[in-house]
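Student: would you be able to build a 3D model of this:
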Amino acid sequence: GGTAPRDQRNLGEAISTLRNDQSAFNLWVAYRKSRDRPRLINPEELVEAEEIVIDLCRFAASRVIPINFDEDLQRPPNSTTNRLVTSRTLEKYIGKIIKYFRAVSPDHPDWKDLDPNDKKAVPEFWKNLKPGFRREVQLFHLLYRGDGVIGLEDIRPLYDFLGLDDEKGKYPHRICDLKHIFIHLIKNADDGRNKDNCQRLAIIHSIAEAIGRGGEAKFQTFRDWFFDYLWNVTNTPWKEKKTIQGYAMARVADEKWHKDWYCTMGMFALCEDGLYRTPTQKTNGLEQVVFPLLYGRKDEGATTLVTETIRSALPADVKNYYSAKSIRQGGINQATMHKDMNYFFLSALTGHSGDNNSSQYYIDATDVGRTVPALNALHGKRDLKTPIAIPTLDALGTADKATARKFMDKIFRCNIERFMEGGDLHIVKETFLASLLMHHR
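Tutor: Predicted coordinates:
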């Protein structure tokens with residue numbers, strides 16, 4: 001006995017509605033297959049309706065489900081999309097499955113008193129389950145790949161430093177980390193084809209610290225930057241390439257040079273005039289552009305530059321396992337290893353909005369302090385609320401600080417007004433120098 005959700009098109013029905021119904025049906029069939037149950041359900045089995053829905057939610061929130069999928073949750077041959085079904089859409093599918101339950105057992109106590117003409121009327125247990133289900137789907141998407149896409153099985157994460165030995169090339173993946181890439185770029189920097197290696201290093205590090213996507217560094221502009229004296233961080237607001245959304249991004253120092261944003265940006269400023277713009281660059285509108293190398297490139301072009309830079313520094317046999325996406329994967333994986341990490345802390349840094357959950361509208365995206373916990377996780381702090389400390393020239397004493405400032409004006413070629421004496425970003429330039437001095441051996 002029992003009926004199933006419709007799997008054939010009704011005359012006059014819109015194709016989009018058919019697709020939604022068909023997808024709900026496919027989700028249900030895939031779930032029942034996984035539990036070795038027939039696709040049809042009967043009223044007797046629905047005595048445990050709430051438990052069935054809870055189990056269905058666990059199933060749907062713990063696996064890769066592409067937008068277009070069949071009864072095995074696989075993309076059909078004619079599908080070209082890599083996107084995953086959002087939590088909101090999965091909610092709708094489960095809602096349709098519950099409607100199917102209501103048709104099978106209309107006198108069930110969980111829904112027999114619901115108005116059949118009210119499309120928004122749902123069992124109380126489903127109202128209670130939805131918020132938790134939504135969070136679980138979002139977290140799975142976040143941890144799975146970071147971009148909510150599939151088909152990346154051949155791409156591996158890049159961590160900041162593995163500290164492993166490749167045993168003379170026998171195990172090349174062991175030295176595939178950001179520190180190895182940075183050292184390669186520094187050692188091979190020259191005045192020829194590698195004249196922008198420090199800028200490339202700074203680009204990759206800026207993306208890694210933001211757990212960003214490969215092309216998003218192109219949107220960095222000095223116009224947005226400011227130093228937050230309460231949090232003791234430089235705020236370099238991050239903008240996503242997929243949306244117009246922007247959010248605060250704290251920059252912090254570290255005892256290790258390859259993890260210190262002030263050090264890598266200081267190297268760019270010192271070695272490649274990162275704080276100087278030629279008259280031609282100014283005329284072309286590059287004065288406030290942080291990374292001129294990315295200027296004018298499309299998102300794909302900026303991402304390709306990052307991928308090519310990564311692969312240029314890795315062993316030839318394994319370099320194609322790594323790309324710009326590896327940076328984001330590695331950052332998410334590292335941050336989530338912290339015992340106190342949660343979705344709120346992580347999404348504040350990664351920019352995940354929770355499928356447009358209304359809760360995001362009650363959170364100030366310009367609050368730079370929101371990004372500090374996840375950054376502390378990336379930097380290995382035991383307490384996610386650890387106050388931020390940065391190197392300063394004050395440690396040199398009054399006389400030596402004055403000397404250091406004169407030295408700074410000589411080594412940093414700078415014509416961007418806000419970084420010059422009296423400018424609000426002068427403290428950032430001072431921190432660049434303080435960091436370089438701290439890490440100098």
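Student: show me where pLDDT drops low in the protein?
Tutor: 1-20, 80-82, 142-154, 242-245, 352-363, 441 (pLDDT under 70).
Student: let's see 50
Tutor: For the chain, residues meeting the criterion pLDDT under 50 lie at 7-19, 146, 148, 151-153, 355-362.
Student: ranges for the strands of it?
Tutor: Along the chain, counting by DSSP state E, strands occupy 226-228, 233-235, 238-239, 246-247, 250-251.
Student: adjacent strands (with direction) for the third one?
Tutor: I take that to be strand 238-239. Note on strand 238-239: by DSSP bridges, its sheet partners are strand 246-247 (antiparallel).
Student: contacts for the strand it pairs with?
Tutor: Strand 246-247 has contacts (Cβ atoms under 8 Å, 6 or more residues apart in numbering) with 224, 237-240, 348, 351, 365-366, 370-371. To be clear about C-beta, it is placed using only N, CA and C from the backbone, and glycine gets the same treatment.
Student: how about S326, what does it touch?
Tutor: Each residue near S326 by Cβ under 8 Å, 6+ apart is listed here: 155-158, 310.
Student: now, which of those residues lie within helices?
Tutor: Per DSSP state H, helices hold the following members of these: I310.
Student: format the contacts of S326 as JSON lines; extra columns: distance to P131.
Tutor: JSON lines is the format used below for these (distance: Cβ to Cβ, whole Å):
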{"residue": "I155", "distance to P131": "32"}
{"residue": "R156", "distance to P131": "34"}
{"residue": "P157", "distance to P131": "30"}
{"residue": "L158", "distance to P131": "34"}
{"residue": "I310", "distance to P131": "39"}
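Student: hey, where'd the helices end up in the protein?
Tutor: Secondary structure of the chain (DSSP H): helices at 15-34, 49-60, 87-104, 124-144, 178-187, 197-210, 261-272, 279-283, 299-312, 324-336, 343-350, 372-378, 398-411, 426-439.
Student: excluding its backbone neighbours, what's nearest the most centrally placed residue in the chain?
Tutor: Note on the chain: the residue nearest the mean C-alpha position is T350, at 3.8 Å, using Cα atoms, centre = their mean. The shortest distance from T350 to any non-neighbouring residue, by Cβ to Cβ, 6 or more residues apart in numbering, is to I211 (4.7 Å).
Student: that neighbour and A335 touch, don't they?
Tutor: Yes: using Cβ atoms under 8 Å, I211 makes contact with A335 at a distance of 7.0 Å.
Student: tell me, what's touching those two both at once?
Tutor: By Cβ under 8 Å, 6+ apart, the residues touching both I211 and A335 are 349, 374, 378.
Student: how about the residue nearest to T350, phi and psi?
Tutor: phi 50, psi 50 (degrees, to the nearest 10).
Student: what number of residues are in the vicinity of it?
Tutor: I211: 28 surrounding residues under other Cβ atoms under 10 Å.
Student: now do K282
Tutor: 13.
Student: how near is it to L436?
Tutor: To L436, K282 is 26 Å away according to Cβ to Cβ, to the nearest Å.
Student: picking up where we left off before, can you tell which of the strands of the chain is closest to A202?
Tutor: Distance to A202, taken as Cβ to Cβ, is lowest for strand 250-251 among the strands of the chain, at 11.3 Å.
Student: distance from the chain centre to the closest one, please.
Tutor: Computed by Cα atoms, centre = their mean, to the nearest Å, the chain-centroid distance of strand 250-251 equals 15 Å.
Student: try stretch 178-194
Tutor: 26 Å.
Student: most neighbours out of the contacts of S326, which is it?
Tutor: L158 (28 neighbours).
Student: could you measure it against K385, distance?
Tutor: 27 Å.
Student: distance to E417 added to the strands of the chain, as a markdown table?
Tutor: Formatted as a markdown table, those follow (distance: least, Cβ to Cβ, whole Å):
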| stretch | distance to E417 |
| --- | --- |
| strand 226-228 | 14 |
| strand 233-235 | 17 |
| strand 238-239 | 23 |
| strand 246-247 | 23 |
| strand 250-251 | 20 |
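Student: so which of those strands is nearest C57?
Tutor: Comparing the strands of the chain by Cβ to Cβ, strand 246-247 comes nearest, at 29.5 Å.
Student: which one of the shared contacts of I211 and A335 sits closest to D424?
Tutor: L349 (24.2 Å).
Student: verify the stated contact: the closest one with A374.
Tutor: Yes: using Cβ under 8 Å, L349 is in contact with A374, at 3.8 Å.
Student: residues in contact with the closest residue to P123 other than its chain neighbours?
Tutor: Leaving out its chain neighbours, the residue that sits closest to P123 by Cβ to Cβ, 6+ apart is D110, at 4.4 Å. Contact partners of D110, counting by Cβ under 8 Å, 6+ apart, are 49-50, 123-125.
Student: ditto for D340
Tutor: 373, 377, 384.
Student: next, count neighbours for the residue nearest to the last one when sequence neighbours are not counted.
Tutor: It stands for L384. Nearest residue to L384, sequence neighbours excluded (Cβ to Cβ, 6+ apart): P373, at 3.9 Å. The burial count assigned to P373 is 24, neighbours taken as other Cβ under 10 Å.
Student: return the residues in contact with P373.
Tutor: Counting by Cβ under 8 Å, 6+ apart, P373 has contacts 340-341, 345, 348, 384-385.
Student: of those, which is the most crowded?
Tutor: Going by other Cβ under 10 Å, A348 tops the contacts of P373 with 24 neighbours.
Student: kindly reformat the shared contacts of I211 and A335 as JSON lines containing distance to D191 and neighbour count.
Tutor: Formatted as JSON lines, these follow (distance: Cβ to Cβ, whole Å; neighbours: other Cβ atoms under 10 Å):
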{"residue": "L349", "distance to D191": "36", "neighbour count": "27"}
{"residue": "A374", "distance to D191": "38", "neighbour count": "28"}
{"residue": "L378", "distance to D191": "34", "neighbour count": "22"}
